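In: Here you go, sequence then predicted model.
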Amino acid sequence: MMNPREILRRLFDAAIAAADPARCVPAHLPADDGGRLVVIGAGKASAAMARAVEEHWSGPLDGLVVTRYGHGVPCSRIEIVEAAHPVPDAAGEMAAQRILEKVQGLSASDRVLALISGGGSALLAAPAAGVTLAEKRALTAALLKCGAAIGEINCVRKHLSAIKGGRLAAAAWPAPVLTLAISDVPGDDPAVIASGPTVADPTTCAEALAILDRYGIAIDDGLRYRLAAGELETPKPGDPRLAASEFRLIASPRQMLEAAAEDARRLGLTPLILGDAIEGEARTVAEDMARQALASRGQKSCVLLSGGETTVTVRGNGRGGRNTEFLLALAQALAGAPGIHALAADTDGIDGSEDNAGAFIGPDSLQRAQALGLDAAAHLASNDAWGYFAGLDDLLVTGPTRTNVNDFRAILLA
């Protein structure tokens, strides 16, 4: 019989399998009429998506996609470039410039296939004219640290970019662009996934500036003036250069939760999906879910499933991502309540910038930690959830999954 940790890991694996590019991409490819297809893309799943295209396309094919370091896979016709995430680097800047060059000068008889997934915002790092990579790096780091939501972060990113916010599709005009996207954002908004390089952007320079001011992030006077004057505006809905751009969502957080729920039923569990677009401070979400778990303790053999993207306002100098911080706060809130086990992990296999996807907790987590001299409150205060779970040997390490449908959380009531 499977133990609780094995059950939780199996449900996580079922969620990952539902978003596997090898499974999701083929059915959405355009008709292979023997004509040329230019493939471009960005994101943590983009290399695996490119390989799926190669395996199901016999006509002329070439292109370039950029993925995170360590997330590449071998391809023979599509070039795979690796770059930094979440803070961009020169490799991402160069890859984005080369992608722009590949789609420029095309005709209406050419076809462009864009493979887009979470992480693409950082990986498509070509700055707008007059904006430097150093500025983008500094602003990205500040936005990640302050607890801004992904939609807010990407609004700023789009207005500092030469390729995001619809600019990639505009550069490809008049060639038709088909985008296949794997969503990692709450609500699956095409304009937010990887900062929407092939779709119109409804946000404005004024909104980007307001976000920076809201979080107290300083920018130089020149950039402030350009945002205030609208000089860095993105293509908007109705822009004729985007008329031939089609967007298809091929995998989403909801789909991965439904796959996990289906597998839970096969194990004799009753699944309850709490939501696929849950946002908020990780420790606050944990406190809310602890209350739901404690209120549901009468339902034996039940599992509470959820997705979305929490945030962490970094105040300490510890190590850890939003999923381990969620679990540490959850363990504190549950206070060793019997029969409750949980897993929280990022479906790309990397929680924040660490080497783990997430971690596990059980009823004995706090007691075992105390015996090892690990203080949950102190680790949480210093944002050092990674150190806490590493000390317990309770980290979930999967390596890169080469997909990304955001956070996966499962709370098992055994």
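Out: That came in fine, so what should we check first?
In: can you pull the buried residues of the strand ranked longest in the chain?
Out: Ranked by number of residues, the top strand in the chain under DSSP state E is strand 270-281. Along strand 270-281, these residues count as buried under the neighbour rule (16 or more other C-beta atoms under 10 Å): P271, L272, L274, D276, A277, I278, E279, E281. For every residue, glycine as well, the C-beta is placed using N, CA and C.
In: out of the residues you listed, what pair is the most spread apart?
Out: Across the buried residues of strand 270-281, no pair lies farther apart than P271 and E281, at 25.6 Å, counting by C-beta to C-beta.
In: Okay, strands next: where are they in the stretch 101-250 of the chain?
Out: Counting by DSSP state E, counting those that start in this stretch, the stretch 101-250 of the chain has strands at residues 111-117, 177-182, 245-251.
In: how about the ones you listed, which one is nearest S161?
Out: Closest to S161 of the strands of the stretch 101-250 of the chain, according to C-beta to C-beta: strand 111-117, at 14.1 Å.
In: returning to what we had before: looking at the strands of the stretch 101-250 of the chain, which is nearest to D62?
Out: Set against D62 and scored by C-beta to C-beta, the strands of the stretch 101-250 of the chain come closest in strand 111-117, at 11.0 Å.
In: just checking, what packs against that closest one?
Out: When contacts are defined as 3 or more C-beta pairs under 8 Å, 6 or more residues apart in numbering; DSSP states H and E, strand 111-117 sits against strand 37-42, helix 46-55, helix 167-172, strand 177-182.
In: Mind doing that once more with 7 Å?
Out: Taking 3 or more C-beta pairs under 7 Å, 6 or more residues apart in numbering; DSSP states H and E as contact, the helices and strands that strand 111-117 lies on are strand 37-42, helix 46-55, strand 177-182.
In: Show me which residues of the longest one are buried.
Out: By 16+ other C-beta under 10 Å, the buried positions in helix 46-55 come out as S46, A47, A48, M49, A50, R51, A52, V53, E54.
In: so how far is L64 from the fifth one?
Out: Translated: A50. From A50 over to L64 the distance is 9 Å, taken as C-beta to C-beta, to the nearest Å.
In: again with the second one
Out: According to C-beta to C-beta, A47 and L64 sit 11 Å apart.
In: can you redo the buried residues of helix 46-55 as TSV with distance to A376 and pLDDT?
Out: Shown next, in TSV, are the buried residues of helix 46-55 (distance: C-beta to C-beta, whole Å; pLDDT from 0 to 100):
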residue	distance to A376	pLDDT
S46	38	98
A47	38	98
A48	37	98
M49	40	98
A50	43	98
R51	42	98
A52	42	98
V53	46	97
E54	47	96
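In: Redo these as CSV? Include distance to A17.
Out: Compiled in CSV, these are given as follows (distance: C-beta to C-beta, whole Å):
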residue, distance to A17
S46, 19
A47, 18
A48, 13
M49, 15
A50, 19
R51, 16
A52, 14
V53, 19
E54, 21
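In: all helices of the stretch 151-300 of the chain, in order?
Out: Secondary structure of the stretch 151-300 of the chain by DSSP state H, counting those that start in this stretch: the helices cover 167-172, 205-214, 221-228, 253-266, 282-295.
In: can you list residues touching both of A50 and L64?
Out: When contacts are counted by C-beta atoms under 7 Å, 6 or more residues apart in numbering, A50 and L64 are jointly contacted by I78.
In: Next, give phi and psi for the residue of the chain most remote from its centre.
Out: In the chain, the residue that sits farthest from the middle, by C-alpha atoms, centre = their mean, is A371; the gap is 35.7 Å. According to degrees, to the nearest 10, the main-chain angles of A371 amount to phi -60, psi -30.
In: For G391, see how far away it is.
Out: Distance from A371 to G391, counting by C-beta to C-beta: 11 Å.
In: What of V87?
Out: The value you get for V87 to G391, if C-beta to C-beta is used, is 27 Å.
In: what sits against the nearest residue to P86 once chain neighbours are set aside?
Out: Setting aside the residues directly before and after it, P86 is nearest to A122 in space (C-beta to C-beta, 6 or more residues apart in numbering), at 4.9 Å. A122 makes contact with A84, H85, P86, V87, P88, G92, T140 under the criterion C-beta under 7 Å, 6+ apart.
In: still on that earlier bit, could I get the buried residues of strand 270-281 in TSV, plus columns for pLDDT and distance to S382?
Out: Shown next, in TSV, are these (pLDDT from 0 to 100; distance: C-beta to C-beta, whole Å):
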residue	pLDDT	distance to S382
P271	97	35
L272	97	33
L274	97	29
D276	96	31
A277	95	29
I278	95	25
E279	94	24
E281	96	16
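In: separation between the closest residue to P174 other than its chain neighbours and A175?
Out: In space, not counting the residues next to it along the chain, P174 is nearest to A108; the distance is 4.5 Å by C-beta to C-beta, 6+ apart. Separation of A108 from A175 (C-beta to C-beta): 6 Å.
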